[in-house]
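> just need the structure, nothing else, for what follows:
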Amino acid sequence: MAKIRKSEFTKLEIIKVATLRFLLKGYSSTTVKAIADELEMSTGNLTFYYPSKEHLLAELTDLLCRFQWKMMEVEADEGISSLLALCLELTTLASICQGNEIAKDFFVSSYQSPICLDIIHFNDTERAKNIFAEYCGDWSEEKFASAEILVAGIEYATLVASDGEVPLETRISAALNQIMLIYNVPENIRKTEIRKALATDYNSLGKRIIKGFIEFVEKTNEQAFEDMLNKRNMP
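Got it, this is the predicted structure:
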């Protein structure tokens, strides 16, 4: 087994503490000093590995994007990069933000961060090229990337709105329809996939995502973390 670099071990410990604080206590209310104090390290030492809280958020955003997508593919049970998995992803995110203000703070902050948004765009563009290939056969890489800028705006609006403004299922249906329309998905397929997504127990699925991700990070060892850093899909 390859020798673990001390820097990767330290980064893993930082990520574990940041995960618990961001998802259980709140991203906005957590300071770099609070994370450093819990780790019994100086703030300067922590910022050597992660220059700012936003960089920590970016690391977690990338990890969570990939973790959640794997869960959605399993839940959809329709093969790799299925259209239903994509629909379930936004459905569960909207559900999480509807019922968990702390988690909503994390996700909304990710969409508001330029660093995190680049990661979201990159990951989502790679998936979109696979999912929508049959509907967008002549699209260039640049066109997919441009489309995902629009998609991110739709996703953000869906997450920040409250049930008092627009009911959750109405927001989800409208957002999924708009996203699939951007990618030329026929109306009958759009309706079918939206219906299947809304028929799932997305509230329970959303809770499992948060719980499962925290457990995943807590159980990750140094070698696995280094492998993830080496293989991650980041721009």
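
> give me the most central residue, this structure.
In the chain, the centroid-proximal residue (CA atoms, centre = their mean) is residue 65; its distance is 3.3 Å.

> and the gap between that residue and residue 225?
Going from residue 65 to residue 225 by CB to CB, to the nearest Å gives 16 Å. C-betas here are computed from N, CA, C, even on glycine.

> just residue 97 next, same as before
According to CB to CB, residue 97 and residue 225 sit 27 Å apart.

> now do the contacts for the closest residue to residue 120 other than its chain neighbours.
Spatial nearest neighbour of residue 120, excluding adjacent residues (CB to CB, 6 or more residues apart in numbering): residue 152 at 6.1 Å. Contact analysis of residue 152 by CB atoms under 8 Å, 6 or more residues apart in numbering lists 111, 117, 120-121, 124.

> which of these sit farthest apart?
Spatially, the most separated pair among these is 111 and 124, at 11.6 Å (CB to CB).

> more neighbours, those two?
With neighbours defined as other CB atoms under 10 Å, residue 111 and residue 124 compare such that residue 124 has more, 23 against 17.

> is it correct that the more buried one is in contact with residue 148?
Yes - between residue 124 and residue 148 there is a contact at 5.0 Å, judged by CB atoms under 8 Å.

> report pLDDT for residue 224.
pLDDT for residue 224: 74.

> sec struct for the residue nearest to the centre of the chain, please.
helix (DSSP: H, G, I helix; E, B strand; the rest coil).

> ok, for it, nearest residue in space, not its chain neighbours?
Going by CB to CB, 6+ apart, residue 65 has residue 123 as its nearest residue, at 4.9 Å.
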